[in-house]
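**Student:** quick one, fold the following:
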Amino acid sequence: MTYIFLRSSRSLVSTRFFAMLCCVVSLSALVAMQETFFTDRSVFTYGPGGILGGLLFNDVLKDSLGVFGSA
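**Tutor:** Numbering: from 1, shown residues only. Below you'll find the predicted structure:
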């Protein structure tokens, strides 16, 4: 991200978009791992991490790598 920030940002729009997309996906999976914050089902109907985090962590990473490996 530092490289993208210091270079001409107009020419690296697609790189910045891809980096932000990766950050959102990884953060949703990390939030889905924890069971302390954002657990109120009346506010967060799909739990912490939302649909994407639940799908990525519970269905893909937890089964194959375990909790420690998916972190």
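**Student:** in the helix or strand hosting residue 17, what counts as buried?
**Tutor:** Assigned by DSSP states H and E, residue 17 falls within helix 13-33. Using 16 or more other Cβ atoms under 10 Å as the test for burial, helix 13-33 gives 28-33. No exception for glycine: its C-beta is placed from N, CA and C like everyone else's.
**Student:** do stretch 37-47 as well
**Tutor:** Here stretch 37-47 shows residue 47 as buried, counting by 16+ other Cβ under 10 Å.
**Student:** contacts for that stretch next, please.
**Tutor:** 31-32, 48, 50, 53-54 (Cβ atoms under 8 Å, 6 or more residues apart in numbering).
**Student:** repeat for stretch 57-71
**Tutor:** Under Cβ under 8 Å, 6+ apart, the answer for stretch 57-71 is 29-30, 32-33, 49.
**Student:** go with 6 Å
**Tutor:** 29, 32-33 (Cβ atoms under 6 Å, 6 or more residues apart in numbering).
**Student:** got the angle for the helix or strand containing residue 65 vs helix 13-33?
**Tutor:** Assessed by DSSP H and E, residue 65 sits inside helix 62-70. Angle, helix 62-70 to helix 13-33, by axes from the mean of the first three to the mean of the last three Cα atoms, to 10 degrees: 100 degrees.
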